[in-house]
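> The following comprises the amino acid sequence and a computationally predicted model.
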Amino acid sequence: MNRESGQTAGDPTPSARRRRPWKTILYLLLTLLIAYLLTAYLLVPWGWRQHESRNAPVSAIPRVTHTASGIPGDPLNVALVGSEDQVITIMLAARWYPADPITLKSSLRIAADTVLHRPFDDAPVSSLFLWGHKENLAFELPVGDDPKQRHHVRFWRRELPLPDGRTLWAGSVTFDRSVGFSHTTGQITHHIAPDIDAERDLLVADWQRTGDLSTVDWIDGFQTKLEGHNGGGDPYHTDGRLAVGIIAVTLKPPVKAVDR
C-alpha cells in the first residue's frame, strides 16, 4: 500500500477511473451507430421493398368492375396472392362452393330453385369484367333454402406476375339479398346488400380459419369513392380498405367443400 496516497498497488489511479466512462460512452455510441446503419440502410429498405412488391401492383388494380354493357359493376374489396390451385384450395377449405358456369340448364335451374325454394349451392353468378375479361373464378356461400340469398365472390387474375413471381387475384365479394329487376337495364338480377365491408370481413375471417394464409395486408384508401351504385343500380358503401390475403407457400391437400 502507498501510505501517502492510501492506494493499493492494484487500484486504478483517479485519472484511469475518469477515462473509463469515456470508453463506455464510446462503446455505446458505436453500438448506436451500428444499429442505426443496420436499420436505416438494411432493415427499413428491405421492409419497403417487401411492402412495394405487394402493394405497388395493387395500386394498378381498377377500383370497380364493369358489366358486359360497360356499366360500372361491383367494387373491388379483396385480393389473394397465390397460384390458381392455391386460390381454389383455400376457398374450398373455407367451405365456399365453386359457382357453376352460366348455361341454359343452370339458368333454368336457378330460376326454378328460387321460385320453389330449393337449395342450389353452386348456382352460377352473372359475369363482370376487369382488365377486359370476365372473372376467372367465382365462389359462393349459400344462405337459406334457395339461391335468392348468398354470399359470393369473383376473382380476376392479373396477368403480370408480382416481383416474386406469384399471381395477384383481384376480387369482389358481395351479398345477394334478393332477386328483382335491375334499376339500370330492367333485366332480372340479384340485388346486393349495401354493406360490402361486412362481406369482405366475413371472407377474410373464413380465410384465416383455414390456416392457409401467411398474412393479410390491409390497403387503406384503396377505394377513394366510399359510396356508389353497382351495375344493377344497387347502392353500396365502404370504408375504402382492400384486404389482400397472402397464401402460404405450402398448403394442406385440397378438401372437398362441405356444409358449414
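Cool, got the structure.
> Spatially, which residue comes closest to residue 77, not counting chain neighbours?
Leaving out its chain neighbours, the residue that sits closest to residue 77 by C-beta to C-beta, 6 or more residues apart in numbering is residue 200, at 4.5 Å. Using the backbone N, CA and C atoms, a C-beta is placed for each residue, glycine as well.
> tell me which element the one you found falls in.
Using DSSP states H and E, residue 200 maps to helix 196-210.
> which residues are contacting that helix?
Residues from elsewhere that reach helix 196-210 (C-beta atoms under 8 Å, 6 or more residues apart in numbering): 74-75, 77-78, 90, 93-96, 141, 151, 153, 173-175, 193, 213, 216, 236-239, 241, 243, 245.
> repeat that with 7 Å
Helix 196-210 is contacted from outside by 75, 77-78, 90, 93-94, 151, 153, 173-175, 213, 216, 236, 238-239, 243, 245, using C-beta atoms under 7 Å, 6 or more residues apart in numbering.
> Can you pick out the ones from those that are in strands?
Secondary structure from DSSP state E places 75, 78, 151, 153, 173-175, 213, 216, 236, 243, 245 of those in strands.
> which of those lies closest to residue 130?
Nearest to residue 130 among the ones in strands among the contacts of helix 196-210 is residue 75, at 10.9 Å by C-beta to C-beta.
> My read is that residue 174 contacts residue 194, right?
No. Using C-beta atoms under 7 Å, residue 174 is not in contact with residue 194; the gap is 9.5 Å.
> what is the mean pLDDT for the lengthiest helix in the chain?
As assigned by DSSP state H, the longest helix anywhere in the chain is helix 14-38. The pLDDT scores in helix 14-38 average 75.
> Give me the buried positions along stretch 62-81.
Along stretch 62-81, these residues count as buried under the neighbour rule (16 or more other C-beta atoms under 10 Å): 63-67, 71-81.
> How about the residue lying closest to residue 127 once chain neighbours are set aside: which residues does it bridge to?
Distance criterion C-beta to C-beta, 6+ apart; nearest residue to residue 127, sequence neighbours excluded, is residue 134 at 4.1 Å. Note on residue 134: beta-bridge partners by DSSP bridges are residue 129.
> Residue 125 is in contact with residue 134, correct?
No. Residue 134 lies out of contact with residue 125 (C-beta under 7 Å); the separation is 10.2 Å.
> quick one: which of those two has more around it?
residue 125 (22 against 15; other C-beta atoms under 10 Å).
> Contact partners for that one?
Residue 125 touches 99, 138, 140, 152, 154, counting by C-beta under 7 Å, 6+ apart.
> go with 6 Å
By C-beta atoms under 6 Å, 6 or more residues apart in numbering, the contact list for residue 125 reads 99, 138, 152.
> okay, now the second one: neighbour count?
In other words, residue 138. Burial measure for residue 138: 26 neighbouring residues, criterion other C-beta under 10 Å.
> Spatially nearest residue to it (excluding sequence neighbours)?
Nearest residue to residue 138, sequence neighbours excluded (C-beta to C-beta, 6+ apart): residue 99, at 4.0 Å.
> How much space separates that neighbour from residue 231?
For residue 99, the distance to residue 231 equals 17 Å [C-beta to C-beta, to the nearest Å].
> neighbour count winner among those two?
Counted by other C-beta under 10 Å, residue 99 and residue 231 do not tie: residue 231 has more neighbours, with 25 against 21.
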